[in-house]
Structure formats: structure tokens, C-alpha cells
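Here is a sequence together with a model predicted from it:
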Amino acid sequence: MLVTISCTRPAGAAWPATDLGYLLHKNPSRRQTFEQSYGVAHVLYPEASDERCTAALLLEIDPVRLVRGKSKGTPDFSLGQYVNDRPYAASSLLSVAISTVFGTALHGRCAQRPELAGTALDLRIELPAVPCKGGPEYAERVFAPLGWTVAATPLPLDPAFPEWGDSHYVRLELTGTLRLAEALTHLYVLLPVLDGSKHYWLDTAEIDKLLRFGEGWLTAHPEREWITRRYLTRRHTLVRTALARLAELDDQDPEELGALEHDCDDEGPGTEPAVPQAVESGERAPSLAVLRRAAVHRALLTEGAGRVLDLGCGQGALLLELAADRALTEIVGIDVSMRELKIAARRVRRLPEWQARRVTVRQGALTYTDASLRGYDAAVLMEVIEHVDATRLKALEQAVFGAAAPGSVVVTTPNSEFNVRYDGLDAGAFRHSDHRFEWTRAEFADWAHRVGATHGYAARFEPVGPEDAEVGASTQMAVFTRKNNDDDAAKGAA
Ligand code: SAH
């Protein structure tokens, strides 16, 4: 089992291509060997010049050890046999090897060449044999949206008997200009997805891994549902939780994401029939993301807001909804993430002109005072505060409630009490790996009353989502109204 990663030095670059060795934390002048639970991994460099450098990761799989040595962390292929394709075909074992042998690079860390770790490199990745059930087009469909030029050439079942046709293996070549860590996360997640072998992953930590390594590309990937299902093969509760959490990050209805009880092993991307979930009323329940946007929108109208800030607007789902409401005259989206903002801006540009005209997005950090945010009628912090370090939350409170001081502030955040209702979410775990905290209703109320008392706002609370008698609703919302609302000195001053 082999993967090679080649880096070509761009014309005029000051660094030699062999700096790839720093990024991978493997010296190009030495061959290194790593004992793995299923065999041995070698790292060597077939080519190492200033212009071009190729690192090869070669796995010598011991099929006997693979079958005998089942332990936590060893994928179980349930093959019950000693002859299989694992020694030759890229698969989840290669993912395991990438994470153990190139772990630091996978996380994008490189103390010696930090700027290079953050730089998109001219990369070429070759895998001589990749199991790709369903045909070579699946490789294209999962890698191409991520910026790769994909060449997937089917391998014949037996070159001596061309009439037998092609196997479900391809030779895969990926070329593109990407950061090394991105490239490795793509391989880490997508090789097992293409393989679709009958391994199973053991616990919900796999969801965290999927979300962590899929960060920055999986939420916007057109085949994300298929990838998620295949990655978490057959583990339906895991799949459901992962899709719900991905939908939390985006704005999609997790229920829309397909027939989760369906065994999808042999299906291709995009083939999942959209089976409506039966709910008690016989109608489809709107997703939490939809309910949340509706609740925030309603609160803004109740507050009589016209000029509105969406702070931490992310990919702009709320901006799009508000843009269609003529009662709102100006809508400004702010986010710290350029990546999210680009998506938001693209979505806004696609709106009808009369809607797009009233919306602007720009970058900003909510933990710093920004004079241009003063004078608005309302600000929204929808699913944002829980992403801010507890130690920085005071700075955000000061910037939003103290300095920007809009007439109203609408805040939503997860209700941690509701987490017990999510299948597969471990006790005490957060809904998303980027959450720094999740609060109970009492904790949220304490925070809101303290912030209100400090900055002169009155807070009222509203549950969002179906309410559970014991643990409440999934999302909690607070609507803050500035107490001296008649004193409009701050409004319109900007
Ligand atoms: N409000 C959006 C996105 C929520 S995700 C929605 O509900 O769909 C949280 C967002 O907050 C992310 O887009 C993140 O980039 C942004 N964010 C987190 N900390 C921030 C900060 N300090 N300043 C600005 N944006 C921040």
C-alpha cells in the first residue's frame, strides 16, 4: 500500500522543495520505519531536489496480524480470512498511518517552517491502488470540489484477461495547490470513504475526528452527507449525530440529509433518496436551524429593529433570511473567519438586487471594540458566544453591549441540558468541537442577568425548538432590550 506526496517549488520561491521534509517532520535523507498495530509503515523520499521533492509512505500490512491483533484502534474488517486486498489497496489503514506517522503535519503544525505550513503548495499525490466502489467518478466527486484535479484510472481485474473488465480499484492522481495539512485531512477522511470497507469505528470520538479533520471543507462539500455516512459506516446513531452536528455548523436540516436508517454502503454520492421523516403531526418538522432563524427574526421585528448587525454571521444563513424582509433597512454581517465570509458574500451576491443592496458583510473580531458598530437598532449573536473562550467573553460583552450598544441584542446558544436527548453524544461532551462551553438554562440566565445589569439591558428568555418537559428546548434565546431605549443618542450617531 503506497501513497506518494510530491511538492514542486514554485518559480522564484526562496525555499527548496525538500522543505516538505520539515512539514512532514521526516528527514528526506533518511528512511524511517514505524511499527504499527497492523504491520510496518516506511517513509522514504524517492526524489529530493531543490525543485521537486517526493515523500512516499509505504505500508507493509501483515494480514495475519490484522486479523489476530484486533484491538481498540485497529479497524476490524470482519474478513475472517487471511487473504485480502488490504496489503495492496489504500484504505482506512492508510488513514490510520497518516494520522500516526504524519500526525503533526495532519494538524497543520510545523514549528520550523510555520509560514510554509500555512502556504498552499503545488502538490501531487499518487496512489497506485485505491478501492473505489461504484466507479472512478466517485473519486472525482469527492476530491474535485476541494480544489483537486483528479485523474482516477480504473485498474483491470486482470491485465491478462481484459474481457473480464475493470476492478473496483483505481489509480488515483491528485494535483492541486493546497496546504499540506488540507491535503492530508482530505486523504484521511476520504480514502476510507471511497473504500467503504466493512470496518467499523468504535465510538463517538470518530465524529469529533470527522468534524475536526473535515473542518473548513466538509460543511460546504456538495457530497458531505454521503461522505459522512460512508465515513461512519453503518453506525446509524453516529451518522445521525454527526449530520446533526454538521447541520448545526451550517444551516441545513439534518432531517433532510437522507434516509439514515438506510444501508448506504454501496450507494454513490447524491443517490440517497430524500425520505421524509415521519413526525407525529404527519408533517415534516422544520430543523432547529430553521426554527432558530425564525425565532431570531421574530424577535428583531418585535423589537422594531430596522438596522441590524449579525455578529458572527458565519456563512450568512440569517443574512439571507433577513434580506427578504423589507422591514429591515440595513443588515450587516460580521465574522472573524474570511473563509465563512467568502461563502456568505457569495450567497448574498446571488440574491435579487433589491435584497442584496441592503446587506453588507465584512470581517471583524467581536472581542475588540469597533466604533463603526455603534448606532444600530439591534445586534444578533446567533450560536456565537459558545465559540468564544470564557476568558474572552468579557471582552465581547464590552464590545457589543458596552461599546456598540444597540437598542436590542438577541443571543442564542445551546441548552446543554438538552444534550442528553442527542443519541451518541457522550455525557458532558459538547455538540461541536469548537464550542468552548455549553450552558444550562440557569447558567445562561445568570450570564444574561449579569450582562444586563452591567450594561443597562433587560433580558427575557425564549426556548427554541420542541420543548422537553425535563430538559427544555435544544436552543435557548435571550432578547436584551436597552433600558433607556427612548434615549436614542447612540442610535443614528454613527
Ligand atoms: N451565526 C451563524 C454562525 C454560527 S458559528 C449561524 O448561526 O449560522 C459561530 C461563528 O462565529 C463562526 O462563523 C465564527 O467564525 C464566528 N466567531 C467566533 N468567534 C468570533 C469572534 N471573536 N469574532 C467574530 N466572529 C467570531
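Cool, the structure landed.

For the stretch 101-250 of the chain, which residues score under the pLDDT cut-off?
Within the stretch 101-250 of the chain, the set of residues satisfying pLDDT under 70 comprises 196-205, 233-250.

Let me see the ranges of the helices in it.
With DSSP state H, counting those that start in this stretch as the criterion, the stretch 101-250 of the chain has helices at 103-106, 114-117, 137-143, 180-195, 205-213, 224-231, 236-249.

Ala448 looks like it's in a strand, true?
No. Under DSSP: H, G, I helix; E, B strand; the rest coil, Ala448 sits outside any strand and is assigned helix.

before we move on, back to that, any chance of CSV for the helices of the stretch 101-250 of the chain, columns distance to the ligand and mean neighbour count?
Quick note: C-beta positions are derived from backbone N, CA and C, even for glycine. Putting those into CSV (distance: least, C-beta to the nearest ligand atom, whole Å; neighbours: other C-beta atoms under 10 Å) gives the following:
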stretch, distance to the ligand, mean neighbour count
helix 103-106, 22, 18
helix 114-117, 21, 14
helix 137-143, 24, 22
helix 180-195, 18, 24
helix 205-213, 13, 19
helix 224-231, 16, 25
helix 236-249, 7, 22
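
Need these in a markdown table (columns: distance to Thr54).
Below are the helices of the stretch 101-250 of the chain laid out as a markdown table (distance: least, C-beta to C-beta, whole Å):
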| stretch | distance to Thr54 |
| --- | --- |
| helix 103-106 | 15 |
| helix 114-117 | 17 |
| helix 137-143 | 19 |
| helix 180-195 | 13 |
| helix 205-213 | 23 |
| helix 224-231 | 28 |
| helix 236-249 | 34 |
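
nearest to Tyr169, of those helices?
Closest approach to Tyr169 among the helices of the stretch 101-250 of the chain is made by helix 180-195 (10.0 Å; C-beta to C-beta).

okay, the angle between that closest one and helix 205-213?
130 degrees (axes from the mean of the first three to the mean of the last three C-alpha atoms, to 10 degrees).

C-alpha coordinates for helix 180-195, CSV please?
Below are the C-alpha coordinates for helix 180-195, written out as CSV (Å, rounded to 0.1, in the frame of the first residue of the first chain):
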residue,chain,number,x,y,z
LEU,A,180,-0.2,20.2,3.1
ALA,A,181,-2.5,19.8,6.2
GLU,A,182,-5.5,20.3,4.0
ALA,A,183,-4.3,17.6,1.6
LEU,A,184,-3.7,15.2,4.4
THR,A,185,-7.1,15.8,6.0
HIS,A,186,-8.7,15.1,2.6
LEU,A,187,-6.9,11.8,2.3
TYR,A,188,-7.5,11.0,6.0
VAL,A,189,-11.3,11.4,5.6
LEU,A,190,-11.9,10.4,2.0
LEU,A,191,-9.8,7.3,1.5
PRO,A,192,-11.9,5.2,3.8
VAL,A,193,-15.0,6.8,2.4
LEU,A,194,-14.1,5.6,-1.1
ASP,A,195,-13.1,2.3,0.2
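
got the angle between that helix and helix 224-231?
70 degrees.

Would you check the distance separating helix 180-195 from the middle of the chain?
13 Å (C-alpha atoms, centre = their mean, to the nearest Å).

Could you do stretch 401-408 as well?
31 Å.

Could I get the contacting residues of the closest residue in space to Phe430 that isn't next to it in sequence?
Beyond its immediate neighbours in the sequence, the residue positioned closest to Phe430 (C-beta to C-beta, 6 or more residues apart in numbering) is Glu438, lying 5.3 Å away. Residues in contact with Glu438, defined by C-beta atoms under 8 Å, 6 or more residues apart in numbering, are 386, 413-416, 419, 430-431.

Asp468 now?
Asp468 neighbours (C-beta under 8 Å, 6+ apart): 418, 421.

Which strand residues bridge it?
Gly472 (DSSP bridges).

Give me the pLDDT for it.
Looking at Asp468, its pLDDT is 91.

and what of Glu255?
Looking at Glu255, the pLDDT reads 35.

and Asp389, what does it touch?
Here Asp389 is in contact with Arg436 (C-beta under 8 Å, 6+ apart).

again with Glu47
So Glu47 contacts 6, 53-54 (C-beta under 8 Å, 6+ apart).

Also Pro46?
4, 54, 56.

quick one on the thing from earlier: ok, the contacts of Glu47 vs Leu127, which is closest?
Out of the contacts of Glu47, the member with the shortest distance to Leu127 (by C-beta to C-beta) is Ser6, at 12.3 Å.

Mind listing residues that contact the helix or strand that closest one falls within?
Taking DSSP states H and E as the definition, Ser6 sits inside strand 2-8. The contact list for strand 2-8 (C-beta under 8 Å, 6+ apart) reads 17, 20, 24, 46-47, 51-59, 90, 94, 121-128, 180, 183, 187.
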